[in-house]
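Engineer: Predicted model follows, preceded by the sequence.
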Amino acid sequence: MQLNRRTARETVMTALYALELSDDSLEHIIETVLRKRLSSDEQILDFAEKLFLRTVRDKKELDEVISGFVTNWDIKRIATIDRCVLRMGLAEMMTFDDIPTKVSINEAIDVVKKFSTHKSGNFVNGILDSASKKLVEEGKIKKQGSGLIDKTLPREK
């Protein structure tokens, strides 16, 4: 199987889900989920580990962002897979300056469609699209360079 960033994202979602449902340590999940599945490609493994650890590290901040877009709905009531994918998508948008925001959103949508319900794609799209606009305005998403700047999002002042 050829490894790519889609495979890495799917594996990270699996690792986040495992972390959410188990008492296993980060090290155990990295070893048994990420490294076990992605060790044949060092670059993909590195991307996956960074995405996983940044998502875990920033969980509280990511949940606050998500909560701002699910009015009258406790974040704990969001399906676990959807919640993991939302966190992962936001973490990618906020911390990987070389990945266009639209790519992060589209990848999150595809991952959630594969692992969750048929309605999850629209739900994740709506949250991530709205959140990306707000995060750009707040200066928390900073993309520079050709192809990285989304012309439909408001520019930083």
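Structural biologist: Structure's in. What do you need? Predicted, not measured: the structure shown is a model, and the values here were computed from it.

Engineer: What count of nearby residues applies to residue 90?
Structural biologist: Here the number of neighbours of residue 90 (other C-beta atoms under 10 Å) works out to 28. To be clear about C-beta, it is placed using only N, CA and C from the backbone, and glycine gets the same treatment.

Engineer: so who does the nearest residue to it once chain neighbours are set aside touch?
Structural biologist: Leaving out its chain neighbours, the residue that sits closest to residue 90 by C-beta to C-beta, 6 or more residues apart in numbering is residue 62, at 4.9 Å. With contact set as C-beta atoms under 8 Å, 6 or more residues apart in numbering, residue 62 has these partners: 55, 86-87, 90-91.

Engineer: change it to 10 Å
Structural biologist: The contact partners of residue 62, by C-beta atoms under 10 Å, 6 or more residues apart in numbering, come to 54-56, 75, 83, 86-91, 94, 131.

Engineer: For these, pick the one with the most neighbours.
Structural biologist: residue 89 (31 neighbours).
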